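> need a 3D model of the sequence below.
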Amino acid sequence: MTNSPAQLLWNARVNKIQIAHDFDGQPTSETEAYNVQTEMIVASGLDVVGWKIGATVEALFPVLGVTQPFLGPLFKSYTYDSGTAIEAISSTKIETEIAVRIKSDLPARKTPYSRTEIEAAVHSIHPSFEIIEARFDGELTGAGLRAIADGGLNGGVVLGPEIINWTDYNLANYPVTLTVNGDVVCEGNFSVLLWDHVFDALSWCLAQPMLSQCGLGTNDIIMTGTCTGMIPVSPGDQVVADFGKMGEVHAHFI
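Okay, here's the model as predicted:
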C-alpha cells in the first residue's frame with residue numbers, strides 16, 4: 001500500500017502537504033472513491049469517532065460533480081476542544097455546523113430509521129467547526145470523487161459546549177453568526193441544509209453503503225453540514241461562531 005492513492009493521501013495529511021490534483025490512482029466512480037477512503041482509514045491506524053457529511057447543500061452537487069452528499073471519517077486524534085490552537089495550511093477552511101453525539105448504537109438495517117428513533121439515541125448536540133483541508137492541489141470544482149477519497153476533506157473537528165436539552169431549540173431553523181478576528185463574515189441558518197431537521201442527517205448516514213456493516217456506535221459524532229459555507233482561514237486568525245443561547249465555539253489558528 002506504500003504507493004497507493006490511500007497512502008499518498010494519508011501521508012499528505014500527516015505531513016501537511018498537497019499531492020498533485022491528478023494523482024495516480026484517482027477514483028473514477030463513487031465506489032472507487034469510497035474504496036480509497038476505506039484503505040486510507042486503515043493506513044491511518046487511528047480510531048474513527050464518527051463521520052462528517054459533505055455537500056449538504058444541493059447547489060454544491062454540480063460544482064463538485066456529485067449527485068448526493070458524501071461521508072468522511074472523523075479521527076479521535078483530530079478532534080479538538082473549543083479554543084484549541086490549530087495549525088493552518090494553505091488549503092485550510094472552516095465550516096460552522098452542529099455536531100450530534102449519540103448515546104446508543106444505531107445498527108445498519110434495511111428499514112430507514114424514523115426521526116423518533118434517532119431522537120431516542122441522541123445524547124447531545126454541540127456548536128462546532130469542521131476544519132476542511134484538501135490533500136491534493138488545485139480547485140475543488142469537479143473534484144467530488146477526489147474529495148471522497150481524501151476522507152471528505154476533513155482536517156479536524158472543534159467541539160463547542162455540550163447541549164443535553166436540545167429539545168429547547170428549533171433544529172430545523174436556527175441562526176448562527178460567524179466572526180473572524182472580530183469581524184462578522186457570515187450569517188447562516190440550519191434551514192439551508194438538505195435535511196428538514198439536523199437529526200435527519202443521521203438517518204441519511206445510516207442508509208449509506210459505507211456504514212452498511214458498522215452502522216453508528218455509542219459516542220459517535222456526526223457533523224451534519226455547514227450553515228455558513230467554507231471560509232478560508234490563515235495563521236493568526238481567531239474564529240468564533242455564535243449560536244445564541246446554545247453558546248459559542250472558538251478556534252485559534254497558528
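
> alpha carbons only for contacts and neighbour counts from here, please
OK.

> where do the strands sit along this structure?
Taking DSSP state E as the test, the strands found in the chain are 48-54, 70-75, 79-81, 85-86, 93-102, 122-132, 154-159, 175-180, 183-189, 221-223, 231-232, 238-242, 248-253.

> so which of the ones you listed is the most surrounded?
Highest mean neighbour count among the strands of the chain (mean count of other Cα atoms under 10 Å): strand 221-223, with a mean of 27.

> what helices or strands is that one leaning on?
strand 48-54, strand 93-102 (3 or more Cα pairs under 8 Å, 6 or more residues apart in numbering; DSSP states H and E).

> what's in contact with the longest one?
Strand 93-102 has contacts (Cα atoms under 8 Å, 6 or more residues apart in numbering) with 121-133, 159, 178, 198-199, 217-233, 241.

> tabulate the helices and strands packed on strand 221-223 (JSON lines), appending distance to residue 172 and mean pLDDT.
Output for the helices and strands packed on strand 221-223, formatted as JSON lines (distance: least, Cα to Cα, whole Å; pLDDT from 0 to 100):
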{"stretch": "strand 48-54", "distance to residue 172": "17", "mean pLDDT": "97"}
{"stretch": "strand 93-102", "distance to residue 172": "11", "mean pLDDT": "98"}
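
> could you point out which of the ones you listed sits nearest residue 141?
strand 48-54 (14.0 Å; Cα to Cα).

> that closest one vs strand 70-75, what angle?
Per axes from the mean of the first three to the mean of the last three Cα atoms, to 10 degrees, the angle that strand 48-54 makes with strand 70-75 is 150 degrees.

> nearest residue to the middle of the protein?
Closest residue to the average C-alpha location of the chain: residue 52 at 3.1 Å, with Cα atoms, centre = their mean.
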